[in-house]
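Asker: sharing a sequence plus its predicted fold:
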Amino acid sequence: MTTDSIRWFWYSSPQTFFPLAGRIARICAVLAVVFGVAGLYTGFFVAPTDATQGEAYRIIYIHVPAAWMSMFLYVVMALWAAIGLAFNTRLSFLMARALAPTGALFTFIALWTGSFWGKPTWGTWWVWDARLTSELILLFLYFGYIALQATIDDRRRADRAGAVLAIVGVVNIPIIYYSVKWWNTLHQGASVSLSQAPSMAATMLTGMLLMALCFWAYSIAVALTRVRAEIAQVG
């Protein structure tokens, strides 16, 4: 067994992970502020006005990164839950529980800002569009996971039940992502794709990516802070 693998096993213990989580959380909190200030400044003051949507399009600097994070965090939460279910590791379940509130927050922000964007664009606050409906289902999945953790007194049973729900709910993620391709929806297609060049100005893309990094760093900082709080509470 190598030294690196021993160190990873060492940090898999909540007590030894506690100080490392604190250091990472502090670094990520600073990065979140830096990326957030840079992203908002670029998006609201540097990026040009959109030719068709005008100034209303600037909601994308909050909406799109929040939507990305809502899906990404659910997958990561389900992955930690699956690891905990497979290996019965306490830290894995702690990470899954810590990610759920932040994932729910970003899902709510994505839906809320999407409504503000939809009003001037579509003329209505809400439509039962495939993308919007599947994103709403994602919010309910987060709420369901959090509710299971809160209502089941036995921690082991709560972790296992939440893990099953999280893993089953992963099927909704590709539905959200591909909904605009699979169905005829009002929601516009992706402006950023790994398979083709972005369909927006470089400054617009820069602002959006900076905000995505901000939300990512924030998620890590908050999740690790929650994990530390639970470790400290249990002792």
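Answerer: Good, I have the coordinates. Numbers count the residues shown, from 1 in each chain.

Asker: pLDDT weak spots in this structure?
Answerer: Scanning the chain for pLDDT under 70 picks out 1-12, 121-122, 182-199, 235.

Asker: where do the helices sit along it?
Answerer: Remark: helices assigned in the chain by DSSP state H are 3-11, 14-41, 60-87, 90-122, 130-151, 155-169, 172-182, 202-234.

Asker: now those in CSV, with mean neighbour count and distance to residue 51?
Answerer: In this view, the C-beta of every residue, glycine as well, is placed from N, C-alpha and C. Output for the helices of the chain, formatted as CSV (neighbours: other CB atoms under 10 Å; distance: least, CB to CB, whole Å):
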stretch, mean neighbour count, distance to residue 51
helix 3-11, 10, 50
helix 14-41, 16, 22
helix 60-87, 21, 14
helix 90-122, 21, 14
helix 130-151, 18, 23
helix 155-169, 18, 39
helix 172-182, 16, 21
helix 202-234, 19, 12
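
Asker: closest one to residue 54 among those helices?
Answerer: Of all the helices of the chain, helix 90-122 sits nearest to residue 54, with 8.1 Å by CB to CB.

Asker: work out the gap between that closest one and the centre of the chain.
Answerer: Centroid displacement of helix 90-122 relative to its chain, using CA atoms, centre = their mean, to the nearest Å, is 6 Å.

Asker: centre-most residue in the chain?
Answerer: In the chain, the residue lying closest to the centroid (CA atoms, centre = their mean) is residue 69, at 2.8 Å.

Asker: ok, and the closest non-adjacent residue to that one?
Answerer: residue 106 (4.3 Å; CB to CB, 6 or more residues apart in numbering).

Asker: let me see the contact set for the one you found.
Answerer: Residue 106 sits next to 66, 67, 69, 70, 73, 215, 219 when contact means CB atoms under 8 Å, 6 or more residues apart in numbering.

Asker: the same query, at a cut-off of 10 Å, please.
Answerer: Contact analysis of residue 106 by CB atoms under 10 Å, 6 or more residues apart in numbering lists 65-74, 138-139, 142, 215, 218-219.

Asker: again with residue 137
Answerer: Neighbour list for residue 137: 107, 169, 172, 175, 176 [criterion: CB under 10 Å, 6+ apart].

Asker: now do residue 109
Answerer: Neighbours of residue 109 in contact, by CB under 10 Å, 6+ apart: 62, 63, 65, 66, 67, 69, 70, 215.

Asker: circling back: which among the helices of the chain is found nearest to residue 48?
Answerer: Residue 48 lies closest to helix 202-234 among the helices of the chain, at 6.9 Å (CB to CB).

Asker: what's the angle from the closest one to helix 155-169?
Answerer: For helix 202-234 against helix 155-169, the angle between stretch directions is 160 degrees (axes from the mean of the first three to the mean of the last three CA atoms, to 10 degrees).
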